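J.: Here is a sequence together with a model predicted from it:
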Amino acid sequence: MIVTDIKPVQEVLDALGGYRKVFVVGCGSCATASRTGGEEECTAWLQELERSGKEPAGFFVPEETCHVFLLKSMIRQSEAAASADAFLVLACGAGIQAVSAATDKPVVAGLNSMFLGTTYRAGEFLKYCSLCGSCVLSSTAGICPVTRCPKGLLNGPCGGMVNGMCEVDNTVACVWVDIYERLKSRDQQKSMTRINKPKSAGNARHRKVEPQRIARKAHP
Amino acid sequence: MKTLSEAIRHREFVVTAELSPRKGTIVANFIKTVHALKDKVHAINITDNQRAVMRMSSLVASYLVLREGVDPVYQITCRDRNRLALQSDLLGASVLGIRNVLALTGDHPSAGDAPEAKPVFDLDATTLLQTIGKLNTGVDLNDHPLKGATSFFAGAALTPQTSPLEPALLALERKIHAGAQFFQTQPVFDAGAFASFMEKIAAFRVPVMAGILLLHSAEQAINLNAHVPGIKIPDVLIKRLAASPDPHAEGIDIAAGLIGELKQSAQGVHIMTVGQEKDIHSILERI
């Protein structure tokens, strides 16, 4: 899921500027699980808008806000949404842009998108994947160095590993030591002498042929 | 004085020193230091934004060393440049006559004076070594032909006192596969431990220059232990520095003593004095 963080109230109010009537859009999937854009957070924002002298037009929490067609139909059916000057969206960047694509009205971001998270337990998320577009997990014992090493090293550990910990934060284990331990438990540690080739910048940067659109047909 | 690669080929005990380029454009003192080291060391390593602190380019500083008639070891890290910039700088270095390259991954920017900088790490030390190998055969990383190949003597870094050791040894083996022809280590303070490390890697038959870090006070040693990853100065040395009436001379004595002991196990030493380059002469006189 996409883990999000709540933006400072003042930053959001500044972005709302002169828009008076504001409709709040949450997200029933990731932002609800993130505790940043569920019903509770939407309601809190309505009160904040009121306090700030704005007119809260109402809110809804779509099942998944990153769905343009769904958003178009929900906005079309909502009189409150239709009457608003602007939308305040409590969703990830994909969700905010879906709202933006579904309406001509101005859209303000209420959240910062942090990372693709693995849920450890409810409310606790781990940054395990960078959506790099060329997965190496099969050769790294199911542990991603691209994401979990601060240098994203494909051939680690680096010289900064001290007593199994990372040079960037000595309270965090070096992910390459984790990979080594896991491989060793299977007597496969020798595979670490193989050189992993440099990756294509892939999804991480502005690649010329970025997969900006993937269309798949449903199974018959 | 033989160049680094000649000295290694002739199995001489190699001595290299380390110099950081200045943070700024005034290079007179830098050149004076290089000049003072001439004929005393086989080569001078030039650090590349060491500890992620921004300084003058290591490529240009390496050229200044070469111009003074000293063999430079051009250190190049993967932290600040992507594969285009790395290769293009390497071609430039080759044209300037620089032959030795130390391929490093590089410290994370968070350690330095611009912690908000974007960490690049498009390549790492291993794949940079592979890239240098390709440039030496006349093609770039993507196998596109070059008009004129490079002829680099490429080395890499090694952390002999690290723990756990085995993943670091696997990384060392990988660097050798990638084409590392020599290694320079992080500071060594225990010649006995270093000798047993060298036994572990004897099968690889690679020349290793042991790192020597000049200590000048007990406080500095304690500070280094606390703040620099991978440095472990034993208490016995800290006590020696603390007890000495002249810690500066004691530090020189410790360095010279270590070098003497390391002559058995290492192909040479790499002396790091962090601004006290004038002391290299005193150290070398005592061994």
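T.: Happy to help now that I have it.

J.: Quick check, pLDDT for A:His206.
T.: We note a pLDDT of 51 for A:His206 in this prediction.

J.: cool, A:Gly202 as well?
T.: 62.

J.: what's near enough to touch B:Ser163?
T.: For B:Ser163, the contact set (C-beta atoms under 8 Å, 6 or more residues apart in numbering or on different chains) comprises A:162-164. C-betas here are computed from N, CA, C, even on glycine.

J.: Of the residues you listed, just say which sits nearest to A:Glu40.
T.: A:Glu40 lies nearest to A:Gly164 out of the contacts of B:Ser163, by C-beta to C-beta, at 40.8 Å.

J.: My guess is that closest one contacts A:Cys174. True?
T.: Yes - contact criterion C-beta atoms under 8 Å: A:Gly164 and A:Cys174 qualify, at 5.9 Å.

J.: Okay, domains of chain A per the record?
T.: A:2-115, A:134-199 (automatic domain parsing).

J.: Dump those into TSV; add mean pLDDT and distance to B:Ser5 as well.
T.: What follows is the domains of chain A, written out as TSV (pLDDT from 0 to 100; distance: least, C-beta to C-beta, whole Å):
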stretch	mean pLDDT	distance to B:Ser5
domain A:2-115	97	46
domain A:134-199	95	23
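
J.: Could you dump those domains into TSV and include distance to B:Thr273?
T.: Putting these into TSV (distance: least, C-beta to C-beta, whole Å) gives the following:
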stretch	distance to B:Thr273
domain A:2-115	43
domain A:134-199	20
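
J.: just the contacts of B:Ser163 that are near chain B?
T.: A:162-164 (C-beta under 8 Å from any C-beta of the partner chain).

J.: can you pull the contacts of residue 143?
T.: In the absence of a named chain, this looks at chain A. Counted by C-beta under 8 Å, 6+ apart, A:Ile143 has contacts A:137, A:175, A:178-179, A:182.

J.: try again with chain B
T.: So B:Asp143 contacts B:Lys134 (C-beta under 8 Å, 6+ apart).

J.: cool, and A:Ile75?
T.: Counting by C-beta under 8 Å, 6+ apart, A:Ile75 has contacts A:81-82, A:99, A:102-103.

J.: repeat that for 6 Å
T.: A:81, A:102-103 (C-beta atoms under 6 Å, 6 or more residues apart in numbering or on different chains).

J.: quick one: which of those is nearest to B:Glu18?
T.: A:Ala102 (59.7 Å).

J.: Quick check, the closest one in contact with A:His67.
T.: No - here A:Ala102 does not reach A:His67: they are 9.0 Å apart, not a contact under C-beta atoms under 6 Å.

J.: So between those two, which is more surrounded?
T.: A:Ala102 (24 against 18; other C-beta atoms under 10 Å in any protein chain shown).

J.: tell me which element the residue nearest to the more buried one when sequence neighbours are not counted falls in.
T.: Spatial nearest neighbour of A:Ala102, excluding adjacent residues (C-beta to C-beta, 6 or more residues apart in numbering or on different chains): A:Leu71 at 3.8 Å. Here A:Leu71 sits within helix A:68-77, counting by DSSP states H and E.

J.: what helices or strands is the biggest strand by length in chain A leaning on?
T.: In chain A, with assignment by DSSP state E, the single longest strand is strand A:111-121. For strand A:111-121, the packing partners by 3 or more C-beta pairs under 6 Å, 6 or more residues apart in numbering or on different chains; DSSP states H and E come out as strand A:2-6, strand A:124-129.

J.: can you give me the angle it makes with strand A:124-129?
T.: Angle, strand A:111-121 to strand A:124-129, by axes from the mean of the first three to the mean of the last three C-alpha atoms, to 10 degrees: 100 degrees.

J.: now the angle between strand A:2-6 and strand A:111-121, please.
T.: Using the same axes, to 10 degrees: strand A:111-121 against strand A:2-6 is 120 degrees.

J.: Quick check: neighbours of strand A:111-121 in the sheet, parallel or antiparallel?
T.: strand A:2-6 (antiparallel), strand A:124-129 (antiparallel) (DSSP bridges).

J.: ok, residues contacting the longest helix seen in chain B?
T.: Longest helix in chain B by number of residues, with DSSP state H as the criterion: helix B:247-262. Residues outside helix B:247-262 that contact it (C-beta under 6 Å, 6+ apart): B:191, B:210, B:212, B:214-217, B:237, B:240-241, B:244, B:269, B:279, B:282-283, B:286-287.

J.: got the buried residues for stretch A:73-93?
T.: A:74-75, A:78, A:81, A:84-92 (16 or more other C-beta atoms under 10 Å in any protein chain shown).

J.: Which of those fall in helices?
T.: Per DSSP H, the buried residues of stretch A:73-93 map to helices at A:74-75, A:81.

J.: between the residues you listed, which is closest to chain B?
T.: A:Ile75 (37.5 Å; C-beta to the nearest C-beta).

J.: follow-up on the earlier one: could you list which of the contacts of A:Ile143 belong to strands?
T.: Going by DSSP E, the strands hold none of the contacts of A:Ile143.

J.: Any of the residues you listed buried? List them.
T.: By 16+ other C-beta under 10 Å, the contacts of A:Ile143 give A:175, A:178-179 as buried.

J.: got the contacts of A:Ile75 as TSV, with distance to B:His248 columns?
T.: As requested, the contacts of A:Ile75 are exported to TSV (distance: C-beta to C-beta, whole Å):
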residue	distance to B:His248
A:Ala81	75
A:Ala102	72
A:Thr103	72
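
J.: from the residues you listed, which is closest to B:Lys40?
T.: The shortest approach to B:Lys40 among the contacts of A:Ile75 belongs to A:Ala102, at 72.6 Å (C-beta to C-beta).

J.: what does chain B put close to chain A?
T.: B:105, B:108, B:110, B:121, B:123-124, B:126-127, B:157, B:159, B:163-164, B:167, B:170, B:173-174, B:178, B:229-230 (C-beta under 6 Å from any C-beta of the partner chain).

J.: For those residues, I'd like a selection string for ChimeraX - just the buried members, please.
T.: To isolate the buried members of the residues of chain B next to chain A in ChimeraX, using 16+ other C-beta under 10 Å:
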select /B:105,108,121,123,124,126,127,157,159,164,167,170,173,174,178,229,230
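
J.: Just the ones in strands from the ones next to chain B among the contacts of B:Ser163, please.
T.: Per DSSP E, the ones next to chain B among the contacts of B:Ser163 never map to strands.

J.: Return the member of those nearest to B:Met56.
T.: Closest to B:Met56 out of these is A:Val162 (29.1 Å), distances taken as C-beta to C-beta.

J.: Would you mind confirming that the closest one is in contact with B:Pro229?
T.: Yes - using C-beta under 6 Å, A:Val162 is in contact with B:Pro229, at 4.8 Å.

J.: okay, stretch B:115-122 in CSV with CA atoms only?
T.: C-alpha atoms of stretch B:115-122 as CSV (Å, rounded to 0.1, in the frame of the first residue of the first chain):
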residue,chain,number,x,y,z
PRO,B,115,23.6,16.1,3.7
GLU,B,116,20.6,17.1,1.6
ALA,B,117,22.4,16.2,-1.7
LYS,B,118,21.0,13.6,-3.9
PRO,B,119,23.0,10.3,-3.5
VAL,B,120,23.7,9.0,-7.0
PHE,B,121,25.2,5.5,-6.7
ASP,B,122,24.2,4.6,-10.2
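
J.: Quick one: residues in contact with it.
T.: A:151-152, B:78-80, B:82-83, B:109.

J.: And the furthest pair within those?
T.: B:Arg83 and B:Pro109 (18.4 Å).

J.: So between these two, which is more surrounded?
T.: Between B:Arg83 and B:Pro109, counted using other C-beta under 10 Å, the more crowded position is B:Pro109 (23 against 19).

J.: Can you tell me the element the closest residue to that one other than its chain neighbours falls in?
T.: With C-beta to C-beta, 6+ apart as the criterion, B:Pro109 has its nearest non-adjacent residue at 4.2 Å, and that residue is B:Ala117. Assigned by DSSP H and E, B:Ala117 belongs to neither a helix nor a strand.
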